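Novice: got a predicted structure here, sequence first:
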Amino acid sequence: MVSVVIPAFEEEDAIQATIHDIQEVLAEIEHEILVIDDGSRDATGAKALTAGAKVIRHPHNLGYGAALKTGIKLAAFDTIVITDADGTYPNGDIPALLQEYGKGIDMVSGARTGKHYRESLLKAPLRRVLKWLVEFTTGRKIPDINCGFRVFSKKSIMPYFERLCNTFSFTTSLTLAYMMTNKFVTYMPIAYHKRIGKTKVRLFRDSLRTIQYIVQAILYYNPLKIFILMCGSILSLFFFCVFIAVVFKLTSAFYLGIGSILLAIQVFCLGLLAELLKQIMSNSASENRAVNSTEAVSMISLAPTSSAERTSISSN
C-alpha cells in the first residue's frame, strides 16, 4: 500500500503523463496518487483529476515543501513516495525504490545522473558548495542532497514537520533531519530527464534559502560544528596575517594575527556553551516525555477495567 504525493504548480503540460506512468508501474500494488495543486492558475488540477488522481488544492501558492506536507498529512497509507509533476524523474523506478525501502531503510532517495542534471554551468559550483556544507554537517558522503524522488514512512517523518522547509529546500532539510538523528538513508542512481515546461526554481534566491536551512539544521542538531567552521575561517586569517607579517615585515599584520587567535578562542568557547545548552534542552525534553508517559500509564492503571468495576465505584 503506497501513497504517491506529487506537488504541482502550473504543470498542466506534464501532469497527466506523470500520473499515467505511476498508475502503470503500480498497477499490481494498492496505491493512491495525491496531486497537491499549489495555487496553479492553469488547468493542472483539472487535468490531474481527469487522469484519476486525488487532487488537493491550495488557494494560493505556498511552496514546494508546504505542498508536500499537505499531501503527506492527507495520505491514506504509511509508505510515502514523492516525485515531481514535470517529467524529470523516472517513475518507472518506483518499484525499485520500494524494494530497497523494504529492507528496513528509513528513507531511500534517488541520486540524479545524466546531462540534464548538470546542464547549467552556474548550477554546478553552487551545488558543490551546498553539497560540501551538508556533508560537513552530517559527516558522511551524500550523492544528492535535494533529490525530490524518495520513499519514506509517514509515521517517521511527521515529528520533523516543524523543522522542514516549506519551499524548495524541503528535501535538503529532510536529508539533514534524518541523517543528524541517525536514521538509515540510502541512495539509488536514477536517470534525470529533461523537464516539461518552465522551471519554478530561482537559482540565487533558492540557494540562499537552502544555505539558511543548512545553518539552522546545524544549530539545532549539532551547534558546535558551525562554531568550528567559524574558528577554522578565523585561523585561516591568522596564518595569512603571519605570512604577511613575515614577508613584508608589517607589525600591524602580526598584531592582527594575534587578535585572530584570541577571537578564535572566544568563538570556540561560545560553541561549547551552545552545545551545552543543546544538551540541557534535549535532556529536559526527554524528562518531560518520560513524565508524560508515566502519568499516562498511571491514569490507565487507575481507570476501571470493566463495567462491573465502574458500577462498583459508582455505588461507593
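Specialist: Great, that's in hand.

Novice: pLDDT averaged over stretch 263-282 - what is it?
Specialist: Predicted confidence along stretch 263-282 averages 82 (mean pLDDT).

Novice: low-scoring stretches of the stretch 101-250 of the chain, by residue?
Specialist: Counting by pLDDT under 70, the stretch 101-250 of the chain contains low-confidence residues at 116, 118-124, 199-204, 206.

Novice: gap between the two ends of stretch 73-81?
Specialist: With CA to CA, to the nearest Å applied, stretch 73-81 spans 13 Å between its terminal residues.

Novice: can you get me a residue count around residue 155?
Specialist: For residue 155, the neighbour count with other CB atoms under 10 Å is 10. For the C-beta atoms, the positions are set from N, CA and C on the backbone; glycine is no exception.

Novice: list the contacts of it.
Specialist: Residue 155 sits next to residue 78 when contact means CB atoms under 8 Å, 6 or more residues apart in numbering.

Novice: gap between the host helix or strand of it and the chain center?
Specialist: With elements delineated by DSSP states H and E, residue 155 resides in helix 154-157, which encompasses its position. Centre-to-centre, helix 154-157 and its host chain are 12 Å apart (CA atoms, centre = their mean, to the nearest Å).

Novice: now residue 141: how far from residue 132?
Specialist: 11 Å (CB to CB, to the nearest Å).

Novice: of these two, who's got more company?
Specialist: Taking neighbours as other CB under 10 Å, residue 141 and residue 132 compare with residue 132 leading, 12 against 8.

Novice: any idea how far the more buried one is from residue 264?
Specialist: The gap separating residue 132 from residue 264 is 21 Å, by CB to CB.

Novice: ok, which stretches of this protein are strands?
Specialist: 2-8, 31-38, 54-58, 79-82, 107-113, 150-153, 185-191 (DSSP state E).

Novice: for the fifth one, which helices and strands make contact with it?
Specialist: Same thing as strand 107-113. Strand 107-113 is packed against helix 94-101, strand 150-153, helix 170-180, strand 185-191, with contacts defined by 3 or more CB pairs under 8 Å, 6 or more residues apart in numbering; DSSP states H and E.

Novice: ok, the last one next?
Specialist: If you count contacts as 3+ CB pairs under 8 Å, 6+ apart, strand 185-191 packs onto helix 94-101, strand 107-113, helix 170-180.

Novice: repeat that for the longest one.
Specialist: Contact analysis of strand 31-38 by 3+ CB pairs under 8 Å, 6+ apart lists strand 2-8, helix 15-25, helix 44-50, strand 54-58, helix 64-74 as its packing neighbours.

Novice: list the buried ones in stretch 94-111?
Specialist: Residues 94, 96-98, 100-101, 105-111 are the ones in stretch 94-111 that count as buried (16 or more other CB atoms under 10 Å).

Novice: now swap in stretch 27-43 and tell me
Specialist: 31, 32, 33, 34, 35, 36, 37, 38, 39, 40, 43.

Novice: from those residues, pick the one nearest residue 56.
Specialist: Relative to residue 56, the closest of the buried residues of stretch 27-43 is residue 36; by CB to CB it sits at 5.2 Å.

Novice: the closest one contacts residue 6, doesn't it?
Specialist: Yes. The criterion here is CB atoms under 8 Å, and residue 36 meets it with residue 6 at 7.0 Å.

Novice: now list whatever residues contact both of these two.
Specialist: Shared contacts of residue 36 and residue 6, defined by CB under 8 Å, 6+ apart, comprise residue 71.

Novice: re earlier: now render the buried residues of stretch 27-43 as CSV, adding pLDDT.
Specialist: Formatted as CSV, these follow (pLDDT from 0 to 100):
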residue, pLDDT
31, 94
32, 96
33, 96
34, 96
35, 96
36, 96
37, 95
38, 93
39, 91
40, 92
43, 92
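
Novice: how is this protein partitioned into domains?
Specialist: Under automatic domain parsing, the residue ranges defining each domain of the chain are 2-221, 223-293.

Novice: so what's residue 235 up against?
Specialist: If you count contacts by CB under 8 Å, 6+ apart, residue 235 has them with 260, 261, 264.

Novice: contact partners for the closest residue to the second one other than its chain neighbours?
Specialist: For residue 261, the nearest residue in space outside its immediate sequence neighbours is residue 238; the separation is 5.5 Å by CB to CB, 6 or more residues apart in numbering. Neighbour list for residue 238: 257, 260, 261, 264 [criterion: CB under 8 Å, 6+ apart].
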